[in-house]
Structure formats: C-alpha cells, structure tokens
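Trainee: Task: produce atomic coordinates for the following.
(chains A and B)
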Amino acid sequence: MTFKKKRANSKQEIPTASMPDIIFMLLLFFMVATTLREIDVYVKFKLPEAVAIQKIENKRLISYIWVGKSGKIQLNDNIVKVEDIQEIMYQKRVELPNVIVSLRIDKESDMGIVHDIQQALRKADARRINYSSMLKQ
Amino acid sequence: MVQIKKKKEIDASIPSAGMSDIVFLLLLFFLVSTTIDVDTGIGLFLPEYVPPEEQEFVPLSKDRLAALNINENGDVLLDGEIIAIPQISETLKPRIESKINLPSKRKLVVSVKTDRRTNYNLYIQALDQIKFSYAEVQEAYSQQTYGKKLADLTPEESKIVTREKIPIIISIAEPEQIN
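Mentor: Predicted coordinates:
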C-alpha cells in the first residue's frame, strides 16, 4: 500500500499579478519625496559643529548661501557679490514669502562677511535664517 | 473535401510579465536619486532692518541683559568677565530659570556681539551654547509641569513653554566699525 501525501487542493503559488501595483505605490512615494534639483557647489567649505541643532523639514522652502574658504559667496547656482544678495533675495522672498535662508559658511570665515550677508538679508526682509552645522559627535 | 482550417486566434493582450521589471527600474532610479538627508543647523530670526537714522535707543535693565562679546582673538566676555565657551550654558541656565514666571517684557535677552574679524566657528560655538542652555531649561520645565518630554507636548502646551514661559531671545548686535 502506497501512502499518499496529504495535500491541499488549492494552488500553491503566490499570486504575483498585483506585484506591479505594489511597486507602483513605492515608486509614487519616491517620486513625490524626491527633490531632483541638486545644486552644484563651486566653493569649498567645512561646516562648523554644534549640539543644539534643529532639522529643517521642508526642503522646498530653503534657499542656500555658501561661503567658501576663499571668501567667495555662492547663492543658489552662481557666485555672487555681497552687494547683489539683497536684490536676488528680495526677488526670492516675493516668490516664496516664507523662505528660509540656510547659511553654509566655512568655519574658518570671519564674522565680517557673515555680518554683511545678514545685513543684506535683513534689508531684503528674508529674515528667517539657519546657520547650517553638523552634529558634534 | 478539404476542410478549411480555422485561422488561429491571435492573442490580443499585451504581455504584462515584463511590466514589473520596468517599474522596478524606475523605482531604483528614484531610490538612488532621492536625497533623504535634511539640513540641520541653528535657526535664528534676524531683526527687521531699520535705517540708522530711525533707530531708537531702547533702555534695557541690566539684570535682563546677558551681553556676550567675542573679540578677534577668540576671547569671550560674558557681562564683562572672561569665560570659556563650554561654561556659557551653565552660567546662563540659572539666569533663564529665574525669569520663567516673569512677564514677557522682563525675560532674559542674550546679546551676542562679535568683531568683524572674529572666527565664525567661535560664534557658532557660542550661539550653540546659548541655544543649548535654553533647550535644557525648556526641557526641564516641560518635564516638571507636564511630566512629558518637550517633543511629546501638544502644540498648545509647547507654545506655552517655548513662547510664553521660556522664549529664546537672542539679539545679534552689529559689530563695531573699525576705523
């Protein structure tokens, strides 16, 4: 007498028909979460370190200003002079009223240049700023 | 008699087996190009710009003001006394705590003044210390009053703590002109 293995009669495959749907959902999530425009940075900088730092959740509100080791200032895409910051930031502020200006300033910089930028930002009324810094380990 | 063969029916559906592969590729592309990292830093609100001729002098009582000066050599003065940067938060904490229950017009104002040639890193370290002392006082107050961490408070409660009781008032003074 041969033993017959007991097996359920139902199909034994995992249904894969809806797999593309699941992956589409993942895809949509990443498409929405991605901010594609990455800015090329032309200046060399090293951020200072701090402990009491906050995160900025909304990346779309941020406008960046870099100040490099050589004292060059980059605003979003191009190198600018201090005098031009006010005009550009004013335009930006009109487009985006609650813009946050993230200052990525090299830690060896002098306060003079920082102050000049701050003064320009105050005149342009883009007053919400962020001193970008790394978490101290 | 020759039987006419029925033409074979052509399968009219689009093969969908490769679809998931295509979607996977798209998914991989977005996975790779997504930048999850968020910008971190010390947030600050700059004061409104007032032209020099319209500036008014507002008297500030001495016990409200904590004046922090950093000169170009990296010396730090708090209310006229030399202090090391890591000690700033410990020195400020009792002063912030003593003013929790005072009305908003009598809260502590921390004024940071730098020279034009002060190192930026020093300025950030000092600012960090100030922010840190405020954060500690806020955290302690929230634990004491609500028994919760600051991050777990409801928006109304956290508004009371961070706006009414312990508002962070930092004034960035303008550097003195060097002639």
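Trainee: Going along the chain, name the helices of chain B.
Mentor: Applying DSSP state H to chain B gives helices spanning B:19-33, B:88-97, B:120-146, B:155-159.
Trainee: contacting residues for the spatially most central residue of chain B?
Mentor: The centre of chain B sits closest to residue B:43, judged by CA atoms, centre = their mean, with a distance of 3.4 Å. By CB atoms under 8 Å, 6 or more residues apart in numbering or on different chains, the contact set of residue B:43 is A:54, A:56, A:100, A:128-130. Using the backbone N, CA and C atoms, a C-beta is placed for each residue, glycine as well.
Trainee: Buried ones only from these, please, as a PyMOL command.
Mentor: In PyMOL syntax, the buried subset of the contacts of residue B:43 is picked out as below (16 or more other CB atoms under 10 Å in any protein chain shown):
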select buried, chain A and resi 56+100+128+129+130
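Trainee: By pLDDT, rank the contacts of residue B:43 and give me the bottom one.
Mentor: The member of the contacts of residue B:43 with the lowest pLDDT is residue A:56, at 79.
Trainee: so what's it bridging to?
Mentor: residue B:39 (DSSP bridges).
Trainee: Pretty sure it sits against residue A:131.
Mentor: No: checked against CB atoms under 8 Å, the pair residue A:56 and residue A:131 is beyond contact range at 11.6 Å.
Trainee: where do the contact lists of these two overlap?
Mentor: Common contacts of residue A:56 and residue A:131, defined by CB under 8 Å, 6+ apart, comprise residue B:41.
Trainee: residues near the closest residue to residue B:172 other than its chain neighbours, how many?
Mentor: Distances taken as CB to CB, 6 or more residues apart in numbering or on different chains place residue B:112 nearest to residue B:172, at 5.6 Å, with adjacent residues excluded. Using other CB atoms under 10 Å in any protein chain shown, residue B:112 has 17 neighbouring residues.
Trainee: right, and residue B:112 touches residue B:169 too?
Mentor: No: taking contacts as CB under 8 Å, residue B:112 lies outside contact range of residue B:169: 11.3 Å.
Trainee: so what's the backbone phi/psi at the closest residue to residue B:165 other than its chain neighbours?
Mentor: Nearest residue to residue B:165, sequence neighbours excluded (CB to CB, 6+ apart): residue B:100, at 5.3 Å. Main-chain torsions, residue B:100, degrees, to the nearest 10: phi -60, psi -40.
Trainee: which residues does residue B:100 contact?
Mentor: B:137, B:141, B:165-166.
Trainee: Swap in 7 Å and give it another go.
Mentor: B:141, B:165-166 (CB atoms under 7 Å, 6 or more residues apart in numbering or on different chains).
Trainee: Could I get the residues you listed in TSV, plus columns for neighbour count?
Mentor: Listed next are the contacts of residue B:100 as TSV, based on neighbours: other CB atoms under 10 Å in any protein chain shown:
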residue	neighbour count
B:141	19
B:165	19
B:166	23
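Trainee: for those, which one is nearest chain A?
Mentor: Ranked by distance to chain A (CB to the nearest CB), these are led by residue B:166 at 13.7 Å.
Trainee: If you drop the residues flanking it in sequence, what lies closest to that closest one?
Mentor: Using CB to CB, 6+ apart, the closest residue to residue B:166 is residue B:138 (5.0 Å).
Trainee: The one you found is in contact with residue B:159, isn't it?
Mentor: No: using CB atoms under 7 Å, residue B:138 is not in contact with residue B:159; the gap is 11.8 Å.
Trainee: tell me which element residue A:130 falls in.
Mentor: strand A:128-132 (DSSP states H and E).
Trainee: So what sits opposite residue A:62 in the bridge?
Mentor: In beta-bridge terms (that is, DSSP bridges), residue A:62 pairs with residue A:100.
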